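Visitor: fold the following, please.
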Amino acid sequence: LPSKVKKSLSVTSKTLNKTTGMLGQAAAAQQRRALIAAFVSSGGIVIASLGYNESDRSLLEAKKQASPVVKQSAAASALTREKTKIIPTRDEQLNNLTSGKKYDILVVGGGATGSGTALDAATRGLSVALIERGDFGNETSSRSTKLIWAGIRYIATSISALLRFRNILRPFDAIDDFISEFKMVQNAHKERRILIENNPHLTNWCPIAVPIKSWITWPAPFGHPIFASASFTLPAVFKFYDGMSGFSCPPSHIMGRDRAHRKFPQLNQDMKYFQVFYEGQHNDARTATCIALTAAEQGATIANYVEMIGLIKDKNGKAIGVTCKDNLTGKEFEVYAEQIIFAGGPFTDSLRNMEDPNSEPAVNAAAGTHIVLPAYYCPNGIGMLDINTSDGRFLFFLPWQGATLVGTTDRKGPAVSSHGPPESEIQWLLNETSKYLSPELKVRRSDVLSAWQGFRPLASDPNALPGAPISRDHIISVNPNTGVTFITGGKWTTYREMAEDVVNRVVGRSPTLSNKVTGPSTTETLPLRGGEGYTRNVSIRLVQEFGVSEETAKHLARTYGVNAFDVCLLTVPTGKRWPRFGRILVEGYPYLDCEVLYAVKNEMVCTVKDMLTLRTRLAFLNRDAAMNAAPKVADIMAKALGWSRKERNRQLKEAEELIGTFGGSFPNTEERRLSATITDLGTLFSALDVDGSGYIDLIDFKDAVRELGFPFKNDKEALVAFNEMDTNSDNRISEEEFLDWWYNDKSKSKLRSQLSKEFKFSTDKLGSGAKSRGVMFG
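Guide: Predicted structure coming up:
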């Protein structure tokens, strides 16, 4: 080593010895870690020279638990940072639930609204319990369009409804409806601002361009002729929309055709102009999880995988508690509370049926499908909005988590938990997407990286008095017989307002709770977990202090806020020159394997499937990548949680089955359904050519053969079969090579035998060579 480096090492060693004597082993380990970071950030020396090893990790953990603030060495940083706020483990939360304690409020349902309700009540000094049958945000709250939007569509639809001819006979009711809708949008603007300003670590502004293809649009958007000339009024409309939020958002503006052509070369060039406006955006599942964890920080008892299976009533029929089941162990227990709130979203009626089997339905559900495409489909980080699709829906085309998110559809029907979307809706989204792309670009079915469906609640109040006005926002209703309150409806953006409203309602009608509250809601100024002390420079500090890649640093900062520093304390050396620390969970994505360990220790994650769908968004971003990462995640969690080999394998199988329900590059249809469309060698080749490129590569080959019903046992077997066809050895199988293989195969290929048997071709129809392309099977 150079003499200067040797001298630095000597000084470092002396410093560490002094540190050990003064602060003890745990503090010395932290000091050593900071010094390592200093050398890393300056391009310094081989990390192993400082004697960093795995034993330091346990010391770091001891330090982490011992001190509320980690003080970085002056060599690494002169700044201090907040530590992860420790919350009780899931086992400790369950002990609290089963202790026999009577809570002030029990919330059933751990989505955004339910968790927000628990958070609001806890900040007022009330004792609160929250139970969720799956993981936090498992249903509707994790399957949105990822926008924190105020609702420009509702302004248009309310104007359209106001100007209908039928309103001549009901002018006052029509005006009331319009004012109600307008107030709802105004409240959404307020809540959007609060959520974004309080939580810059979880949210961002997203520019969205509305393409204007013609000056007059027909059929008119929103089903009213007044909007046929919307191209002339949109700039003024969006300025008014900006003003509804007090101009707290970036300003809307017009993007001319020439500038749009430069920024969006992949788009259709036949546009008059683009109207650009801004909405908030977030990782919805992460935000929902942070709401629940923040409630725990404020003293609420929260438990995932705890399901309500019955309601406990006193002799007068009033609800005094619920019977619960731990879905991980099967154990049943009772939880008592002064007030009970159902927050089940589209599944609220299933809770109400346990309260009263004869209860009238209060919630209808509407399903929405989203697809994820590669990032190159999204023009330079700017989203698009089609306000006039073929069936009148809004269609968003958004940059999200390094990919392109397209959605949503709108289909009425009963809510189900399955992520799997209908193939017809995936195809509709692809068709609508292609309208705005350059003719030289093809939107291929094989480009779909992931697809899923989610259900939103459409609510009505079964306990409302006759003649009461119908709410166009969320519904809060109290069963006069049992005293149970339920809340449903609304939008992701307004979860905080909904939570505040329902707690106000419950406290207002309970003298016991009225005497306990310490004041009004404080959530309007409360950052969510990881937000206190966060600045936009956190990601830069992570790169400088821990030697992680810039992409990973941005991901960690935007996911964990200031707690990203504690995630980085768990990183291990990569063995590369750069990045120095942080092993990637799966190639192509910024997730680190140490995030799994952090979530297990600090954020109550219980299952492999939740780690891959909710805590990271791999399954939502790329179904195949999630499948590839699943075994590694299972191994890390098994070690951290002490699972047996049998439990590890069960967890892995459960995760793979769930991920398999997501859409991907192939339609999720019954086994061998693809073979039904194959009638000759030409269509067989097309089926194997998944992405329509004119040749078959190894990935196409393995995927298509699996979908045809003949999966290979392993990659080696697949490669042997592939190489038999690839006579040119260029890693591509042309149609000519495929036909030659079909007719001239002398190796008695197992795959050829399976395909021949499947399609039962008649040899007297074959012909020879390329002339056989049209031969029919059967």
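
Visitor: how about the helices in the stretch 301-450 of the chain?
Guide: 348-355, 423-434 (DSSP state H, counting those that start in this stretch).

Visitor: out of the ones you listed, which is the most enclosed?
Guide: helix 348-355 (a mean of 20; mean count of other C-beta atoms under 10 Å). Just so you know, the C-beta spots here come from the backbone N, C-alpha and C atoms, and that holds for glycine as well.

Visitor: identify all contacting residues around it.
Guide: Residues from elsewhere that reach helix 348-355 (C-beta atoms under 8 Å, 6 or more residues apart in numbering): 108-109, 308-311, 319, 342, 344, 359, 361-363, 457, 459, 479, 482, 484, 486, 488.

Visitor: report the buried members of the residues you listed.
Guide: When the contacts of helix 348-355 are checked for burial by 16 or more other C-beta atoms under 10 Å, the buried set is 108-109, 308, 311, 319, 342, 344, 359, 362-363, 457, 459, 479, 482, 484, 486, 488.

Visitor: mean confidence for the helix or strand containing Pro457?
Guide: Pro457 belongs to strand 450-459 when assigned by DSSP states H and E. Taken as a whole, strand 450-459 has a mean pLDDT of 92.

Visitor: how distant is it from the center of its chain?
Guide: 13 Å (C-alpha atoms, centre = their mean, to the nearest Å).

Visitor: now do the helix or strand just after that strand, average pLDDT.
Guide: Counting by DSSP H and E, the next helix or strand C-terminal to strand 450-459 is strand 475-478. Averaged across strand 475-478, pLDDT comes to 94.

Visitor: start at 323 instead
Guide: Let's use 323 as the start, then, which means that last one is strand 797-800.

Visitor: after strand 797-800, next one along is what?
Guide: Next helix or strand after strand 797-800 toward the C-terminus (DSSP H and E): strand 807-810.

Visitor: partner strands of that following strand, with direction?
Guide: strand 654-664 (parallel), strand 797-800 (antiparallel) (DSSP bridges).

Visitor: where in the chain is pLDDT low?
Guide: 323-405, 785-794, 990-1002, 1012-1013, 1066-1070, 1080-1100 (pLDDT under 70).

Visitor: what would the helices of the stretch 623-772 of the chain look like in a markdown table with distance to Asn526?
Guide: A markdown table is the format used below for the helices of the stretch 623-772 of the chain (distance: least, C-beta to C-beta, whole Å):
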| stretch | distance to Asn526 |
| --- | --- |
| helix 670-677 | 31 |
| helix 745-756 | 23 |
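
Visitor: return the residues in contact with Lys561.
Guide: 573-574.

Visitor: remind me which helix or strand it belongs to.
Guide: Per DSSP H and E: helix 552-566 holds Lys561.

Visitor: show me what secondary structure element comes after that helix.
Guide: Taking DSSP H and E, what comes next after helix 552-566 is strand 575-578.

Visitor: using CSV, write out the CA atom coordinates for the helix holding Lys561.
Guide: Taking C-alpha atoms only, helix 552-566 is exported to CSV below (Å, rounded to 0.1, in the frame of the first residue of the first chain):
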residue,chain,number,x,y,z
ALA,A,552,-62.3,21.4,-24.9
SER,A,553,-59.0,21.9,-26.8
PHE,A,554,-59.7,25.7,-26.6
THR,A,555,-60.6,25.8,-22.9
LEU,A,556,-58.2,23.3,-21.3
PRO,A,557,-55.5,25.8,-20.5
ALA,A,558,-57.9,28.0,-18.5
VAL,A,559,-59.5,24.9,-16.9
PHE,A,560,-56.2,23.7,-15.6
LYS,A,561,-55.2,27.1,-14.3
PHE,A,562,-58.4,27.1,-12.4
TYR,A,563,-57.5,23.6,-11.2
ASP,A,564,-54.1,24.9,-10.0
GLY,A,565,-55.9,27.7,-8.1
MET,A,566,-58.1,25.3,-6.2
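
Visitor: just the buried positions in it, please.
Guide: 552-553, 556, 559-560, 563-564, 566.

Visitor: who are the packing partners of the lengthiest helix in the chain?
Guide: Counting residues, the longest helix in the chain under DSSP state H turns out to be helix 493-520. On a contact count with 3 or more C-beta pairs under 8 Å, 6 or more residues apart in numbering; DSSP states H and E, helix 493-520 meets strand 469-470, helix 474-484, strand 525-534, helix 552-566, strand 595-604, helix 817-830.

Visitor: against which helices or strands is the first one packed?
Guide: Packed against strand 469-470, as judged by 3+ C-beta pairs under 8 Å, 6+ apart, are the following elements: helix 493-520, strand 595-604.

Visitor: now render the strands paired with strand 807-810 as JSON lines, adding distance to Arg972.
Guide: Compiled in JSON lines, these are given as follows (distance: least, C-beta to C-beta, whole Å):
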{"stretch": "strand 654-664", "distance to Arg972": "22"}
{"stretch": "strand 797-800", "distance to Arg972": "40"}
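
Visitor: what's the burial count for Asp636?
Guide: 11 (other C-beta atoms under 10 Å).

Visitor: for it, which residues are in contact?
Guide: Here Asp636 is in contact with Ile642 (C-beta under 8 Å, 6+ apart).

Visitor: gap between it and Pro573?
Guide: Computed as C-beta to C-beta, to the nearest Å, the Asp636 to Pro573 distance reads 58 Å.

Visitor: next: Glu909.
Guide: Taken as C-beta to C-beta, the span from Glu909 to Pro573 is 39 Å.

Visitor: neighbour count: the two, which is higher?
Guide: Using other C-beta under 10 Å, the more surrounded residue of Glu909 and Pro573 is Pro573, with 11 against 8.

Visitor: how about the closest residue to Glu519 other than its chain neighbours, phi and psi?
Guide: Computed as C-beta to C-beta, 6 or more residues apart in numbering, the closest residue to Glu519 that is not its neighbour in sequence is Ser570, at 7.6 Å. Dihedral pair for Ser570: phi -80, psi -10, per degrees, to the nearest 10.
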